[in-house]
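**Student:** I'd like to go over a predicted model; first the sequence, then the structure.
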Amino acid sequence: MHIGVLRGRENSFPDAFIAKVNSMNAGVKAEFIQLGGTKLNEPVPYRVVLDRMSHEVPYYSVYLKMAALQGTYCINNTFWRTADDKFFGYAAAERLGIDEPRTVVLPNRSYLDDVTAESLRNLWPTDFQMYLEYVGLPCIMKPAHGGGWKDVNKIRSLDDLTYHYEASGPKTMMLQEFIEWDTYIRVPTIGRRWARAIRYDPAPMGMGGYNQDYDIVPRYMRDKAEELSLRFNQALGYDMNALEFAVKDGKYYGIDLTNYTPDYDHRSLKDAHFPWVVEKMAEFAVEKAKSDEGTPKPPDFKELMLR
């Protein structure tokens with residue numbers, strides 16, 4: 001019984017995860033996957049795959065889809081990742097009763113070479129001023145796909161918007177109302193059953209840090225953020241995620257909700273939170289390895305539509 005791990009540049013979480021699984025003496029062995037080409041329907045030797053890199057290496061995603069056909073349980077479901085985007089996440093969150101800042105998705109600034117003027121005949125000129133008035137200033141411009149605070153900018157004027165939009169190239173960008181929060185919380189979640197709401201201190205337009213005092217966030221606030229996170233993950237099928245909420249005047253605004261490969265690095269979580277992530281992921285992966293479950297089905301949107 002084997003668990004395979006696809007990793008990229010990170011070291012601490014994959015290494016600790018493998019060590020934890022192998023120390024559990026549960027009849028399950030974890031190891032790093034080695035690939036160099038794959039034959040059609042070649043047997044996949046892994047009962048579970050923990051995917052930390054297919055979002056950047058397309059070949060891995062192709063491999064995982066074939067693995068899913070053979071019954072491998074993939075964390076997370078790569079079929080869902082290729083369909084998801086952050087704007088959809090905000091729309092789904094509102095259907096689930098989660099407050100969202102006013103958000104607009106914009107047409108791309110540029111396209112691939114084979115996209116011509118005739119390809120874009122459904123597009124009207126974008127009224128940037130109207131959308132700025134809708135979301136308010138200052139606001140945030142960020143990609144509809146991506147993470148790690150890449151290409152996230154604070155917009156203070158129409159000139160700011162124009163500058164960053166012109167630089168966005170083929171990325172699909174969003175404008176989002178900026179919430180002046182009282183408390184900012186990030187919630188690592190695992191297995192759609194465990195969540196840990198932690199005070200998070202975002203650096204200006206860059207990676208911030210987890211507060212090492214877990215109890216600095218009042219219990220009632222942690223409970224609410226964790227309940228909203230699990231509600232979202234259960235509806236959309238994330239077994240591994242980290243959601244962010246800006247809490248203002250008692251409202252929990254979902255700011256970043258769809259992180260297919262969340263940051264679980266020790267440099268970020270540090271000693272107060274890293275062991276929790278490793279332990280819960282190892283427990284979940286071993287449970288799935290010993291079950292007969294394959295990769296879960298994508299979410300049933302009928303359930304969201306009825307809300």
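**Tutor:** Sure, I can see it. Numbers count the residues shown, from 1 in each chain.
**Student:** what about the strands in this structure?
**Tutor:** In the chain, the segments counted as strands under DSSP state E are 2-6, 29-32, 48-51, 73-75, 103-105, 139-143, 153-155, 173-177, 183-190, 194-195, 198-203, 206-210, 240-248, 251-256.
**Student:** Can you tell me which of these is packed in deepest?
**Tutor:** strand 48-51 (a mean of 26; mean count of other Cβ atoms under 10 Å). No exception for glycine: its C-beta is placed from N, CA and C like everyone else's.
**Student:** how about residue 287, what does it touch?
**Tutor:** Applying Cβ atoms under 8 Å, 6 or more residues apart in numbering, we find residue 287 in contact with no residue.
**Student:** Could you measure from it over to residue 63?
**Tutor:** Using Cβ to Cβ, to the nearest Å, residue 287 is found at 23 Å from residue 63.
**Student:** try residue 149
**Tutor:** Residue 149 is 29 Å from residue 63, by Cβ to Cβ.
**Student:** which of these two has more neighbours?
**Tutor:** Summary of the neighbour comparison: residue 149 and residue 63, criterion other Cβ atoms under 10 Å, with residue 63 having more neighbours (23 against 14).
**Student:** separation between that one and residue 72?
**Tutor:** Relative to residue 72, residue 63 is positioned 10 Å away (Cβ to Cβ).
**Student:** Could you find the residue nearest the spatial middle of this protein?
**Tutor:** The geometric centre of the chain, computed from its C-alpha atoms, lies nearest to residue 259 (Cα atoms, centre = their mean), at 0.6 Å.
**Student:** can I assume it is in contact with residue 147?
**Tutor:** Yes: Residue 259 sits in contact with residue 147 when judged by Cβ atoms under 8 Å, with a separation of 5.6 Å.
**Student:** what pLDDT does the residue of the chain most remote from its centre get?
**Tutor:** With distances taken from the mean C-alpha point of the chain and given as Cα atoms, centre = their mean, the most distant residue is residue 118, at 34.4 Å. Looking at residue 118, its pLDDT stands at 89.
**Student:** Residue 298 against residue 76, yeah?
**Tutor:** No: contact criterion Cβ under 8 Å: residue 298 and residue 76 do not qualify, at 11.1 Å.
**Student:** Are there residues contacting both of these two? Which ones?
**Tutor:** In the contact map built from Cβ under 8 Å, 6+ apart, the residues linked to both residue 298 and residue 76 are residue 237.
**Student:** More neighbours: which of the two?
**Tutor:** residue 76 (26 against 13).
**Student:** That one and residue 50: what is the separation?
**Tutor:** Computed with Cβ to Cβ, the distance linking residue 76 and residue 50 is 9 Å.
**Student:** so who does the closest residue to the residue nearest to the centre of the chain other than its chain neighbours touch?
**Tutor:** Once its chain neighbours are removed from consideration, residue 259 has its nearest residue in residue 242; the separation is 5.0 Å (Cβ to Cβ, 6 or more residues apart in numbering). Contact criterion Cβ under 8 Å, 6+ apart gives 186, 187, 188, 189, 256, 259, 262, 263, 264 as the residues in contact with residue 242.
**Student:** Same question for residue 46.
**Tutor:** Counted by Cβ under 8 Å, 6+ apart, residue 46 has contacts 2, 3, 4, 33, 67, 72.
**Student:** Redo those residues as CSV? Include distance to residue 179 and pLDDT.
**Tutor:** Putting the contacts of residue 46 into CSV (distance: Cβ to Cβ, whole Å; pLDDT from 0 to 100) gives the following:
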residue, distance to residue 179, pLDDT
2, 44, 98
3, 39, 98
4, 40, 98
33, 40, 98
67, 40, 96
72, 40, 96
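**Student:** Save the residues you listed as TSV, and put in distance to residue 45 too.
**Tutor:** TSV is the format used below for the contacts of residue 46 (distance: Cβ to Cβ, whole Å):
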residue	distance to residue 45
2	6
3	10
4	8
33	9
67	10
72	9
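**Student:** With respect to residue 216, which of these is nearest?
**Tutor:** Sorting the contacts of residue 46 by distance to residue 216 puts residue 3 at the head of the list, at 34.4 Å, by Cβ to Cβ.
**Student:** now the closest one: how far from residue 249?
**Tutor:** 44 Å.
**Student:** Check residue 180 too.
**Tutor:** For residue 180, the distance to residue 249 (Cβ to Cβ) stands at 10 Å.
**Student:** Tell me where this structure is predicted with low confidence.
**Tutor:** When residues are selected by pLDDT under 70, those of the chain lie in 203-207, 301-307.
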